[in-house]
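Fold the stuff below for me.
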Amino acid sequence: MKILYVANVYRHITSFHMPYLKWLKSQGFEVHVAGSGDESIPKWTDVPYVDKNFDISIKRSPYSFQNIKAYKQLKGIVESEKYDIVHCHTPMGGVLGRLASRGLRKQGTKVIYTAHGFHFCKGAPKINWLIYYPVERFLSRYTDVLITMNKEDADIVQKFKCREHYSIPGIGFDVAKFKNVEVDKEKKREELEILEEEFVVISVGDLTKRKNHQSVIKAISKLDSSDIKYIICGKGVLEHELKQLCLEHELSEKVIFLEYRTDINEILKSSDVFVFPSLHEGLAIAGLEAMAAGVPVVASNRRGVSDYCIDEKTALLCEPMDSDCIARSISRIRNEKGLAERLTEEARKAIEKFDISNAMSEMQNIYIKVAPELFKEKKAEGN
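You can find the predicted model right below:
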C-alpha cells in the first residue's frame, strides 16, 4: 500500500501533517511526499515516517511556467509509483496533484484534496473569484474526496462535482502543548531582550500579504509605544517591506522579527496579547494556539478565523485593514479591567474541539471510507 502527499512546499507537510503520516505508517502504508524544498526544513532523511521524497519545484503563483515542469515531473512520479491514494494539499499542490493523477483514478487510485482555505472567499478580490473559483470547480470532478475546514468553504463546495465532501475541524493541534507548557516568563523575556514591564504584542505567520502584519505595525504606531514591544514570528518575501514600514513609523526598536521558532508556545506564554490580522485562512492554527496558551486575541473577522473567534466572547474582531480598530482593541485588552480574563476563559472552552485527537479521528474515518479495502485487515485486527 502506498500513499503520496503533495504540497507546494515540504514545510507545509512537516508543520501540519506529521501525526497523519505516523498513523499511515502504523497502518502499513509506504509514505511518499512531493513538494518544493527550502532551507528552513530538515533534510528528509531526518524526518520520520517518510519513505521517499520528491523535490518538485512547485511555485505558488498560478502564472509560473515552472509549474508546467512540476506537473510533468509529478505525472511521471504517480504513473511510475502507482499509488493507492494521492492526498493533495495547498492550492497549487491541489491543482498539479489532481491533474497528474487523472489517469491513475481509472485504475483505482483514490484522490483526496484538503482545501486549507480557498483563495476565493468573502472579502477576496474579484480577480481571485475569476481565476481560482472556475479552476477549483473544474478540478473537483477529478477528486474522490474534497475536505474543507471552515463553514464558508463547506457551503461553496456544495456546488462542486467531487464524489464526496467532508468538513473537519481543521488539521488539529496539540492543545496540551500550549495549555500546559511551563515557562520562566522573566527568563524568556530576557532572552528576547524584552523588559519585564513592557507590554508584548505578538503575531505568528509568514511575512506575506495574506498574513497582513502591516496592519498591526500601523496599529502599534497609533498607540503610546514607549513600553510596547511587537514580536513577529515568521519569515517571508515581505520582510524588507515590513522593516521599511517600521522605519517610517519609527518603530524599528519596538518591532522584533524572530523568523521561524520552535518555542512558539513559550513565547506566547510570555506575551500579553496575540494579534491575528489575516485577510483569509483555511482554519487558522496560530490563533487556536494563542487561545490554548491563555493569551487574549485580537483577530480579523474573516473566514477561517471567525469560525472560532467570536467577537466580544472569545476574541475582539476587526476588519483586517482597520488599524484603528486593531489599536483600540489592543488598548482595551490592556486597560479594560477583566476583559483579558473573560476572553481567555471563553476561548479555552471553545477550542477543545480543534484538538489533534478530534481531527485525527475524523481524518482516519475519511481514509477508511474512501478506501475500505486498504484498511479491511487493520479493522479486523482491531476487532
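
What separates the first and last residues of stretch 16-36, distance-wise?
Its first and final residues considered, stretch 16-36 spans 16 Å by Cα to Cα, to the nearest Å.

Can you point out the buried residues in that stretch?
16-17, 19-21, 24-25, 29-36 (16 or more other Cβ atoms under 10 Å). C-beta coordinates here come from the backbone N, C-alpha and C atoms, glycine included.

Narrow those to those in strands?
Among the buried residues of stretch 16-36, the residues falling in strands (DSSP state E) are E30, V31, H32, V33, A34, G35, S36.

from memory the fourth one sits against Y10, does it?
Yes - with contacts defined as Cβ atoms under 8 Å, V33 counts as touching Y10 at a distance of 6.8 Å.

all helices for the stretch 201-350 of the chain, in order.
213-222, 239-248, 264-269, 285-292, 323-335, 339-350 (DSSP state H, counting those that start in this stretch).

Over to the stretch 1-150 of the chain?
For the stretch 1-150 of the chain, the helices defined by DSSP H, counting those that start in this stretch occupy 10-16, 18-26, 66-81, 91-100, 102-105, 126-139.

what residue ranges in the stretch 251-383 of the chain are flagged as low confidence?
Residues of the stretch 251-383 of the chain meeting the criterion pLDDT under 70: 376-383.

Got the phi and psi for N180?
phi -110, psi 0 (degrees, to the nearest 10).

can you count the residues close to the residue nearest to V47 when sequence neighbours are not counted?
In space, and not counting its chain neighbours, V47 is closest to T14: 6.4 Å by Cβ to Cβ, 6 or more residues apart in numbering. Applying other Cβ atoms under 10 Å, we find 19 residues neighbouring T14.

right, and T14 touches P48 too?
No - assessed by Cβ under 8 Å, T14 is found out of contact with P48, at 10.5 Å.

Let me know the distance separating S271 from I264.
Remark: distance between S271 and I264 (Cβ to Cβ, to the nearest Å) = 10 Å.

Likewise for R98?
As judged by Cβ to Cβ, R98 and I264 stand 32 Å apart.

of these two, who's got more company?
Using other Cβ under 10 Å as the criterion, R98 and I264 rank with R98 on top: 25 against 20.

Which pLDDT value belongs to I156?
We note a pLDDT of 91 for I156 in this prediction.

hang on, it packs against F118?
Yes - contact status for I156 versus F118: in contact at 6.7 Å, counting by Cβ under 8 Å.

Against I85, how distant is the residue lying closest to K161 once chain neighbours are set aside?
Nearest residue to K161, sequence neighbours excluded (Cβ to Cβ, 6+ apart): R141, at 4.5 Å. Computed as Cβ to Cβ, the R141 to I85 distance reads 18 Å.

quick one, which of these two is more surrounded?
I85 (22 against 12).

Give the bridge partners for the closest residue to that one other than its chain neighbours, please.
What sits nearest to I85 in space, not counting adjacent residues and going by Cβ to Cβ, 6+ apart, is I3, at 4.4 Å. Taking DSSP bridges as the rule, I3 bridges to V31, I85.

residues in contact with L195?
Neighbour list for L195: R189, D227 [criterion: Cβ atoms under 8 Å, 6 or more residues apart in numbering].

what do you get for L279?
G123, A124, K209, R210, K211, N212, S300, R302, P320.

correct me, but the fourth one touches F276?
No - judged on Cβ under 8 Å, R210 makes no contact with F276 at a distance of 11.7 Å.

Do me a favour and get the end-to-end distance for stretch 297-310?
Stretch 297-310 has its terminal residues 10 Å apart, counting by Cα to Cα.

and it, how far from the chain's centre?
14 Å (Cα atoms, centre = their mean, to the nearest Å).

quick revisit: can you put the ones in strands among the buried residues of stretch 16-36 in CSV and add pLDDT and distance to I310?
CSV is the format used below for these (pLDDT from 0 to 100; distance: Cβ to Cβ, whole Å):
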residue, pLDDT, distance to I310
E30, 95, 43
V31, 96, 38
H32, 95, 40
V33, 94, 36
A34, 93, 38
G35, 91, 35
S36, 87, 37
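
what about K211, distance to R302?
K211 is 12 Å from R302, by Cβ to Cβ.

now swap in N265 and tell me
25 Å.

higher neighbour count, these two?
R302 (27 against 21).

Correct me if wrong: that one contacts E281.
Yes - assessed by Cβ under 8 Å, R302 is found in contact with E281 at 6.9 Å.

where exactly do the strands run in the stretch 251-383 of the chain?
Here the stretch 251-383 of the chain has its strands, by DSSP state E, counting those that start in this stretch, at 255-257, 273-276, 297-300, 316-318.

Contact partners for G172?
P19, F354, D355, I356, S357, N358, A359, M360.

Can you say which of those residues are buried?
For the contacts of G172, buried by 16+ other Cβ under 10 Å: P19, F354, D355, I356, N358, A359, M360.

so how far is L288 from the third one?
In other words, D355. Counting by Cβ to Cβ - D355 and L288 are separated by 9 Å.

what sits in contact with each of these two?
With Cβ under 8 Å, 6+ apart as the test, D355 and L288 both reach F173.
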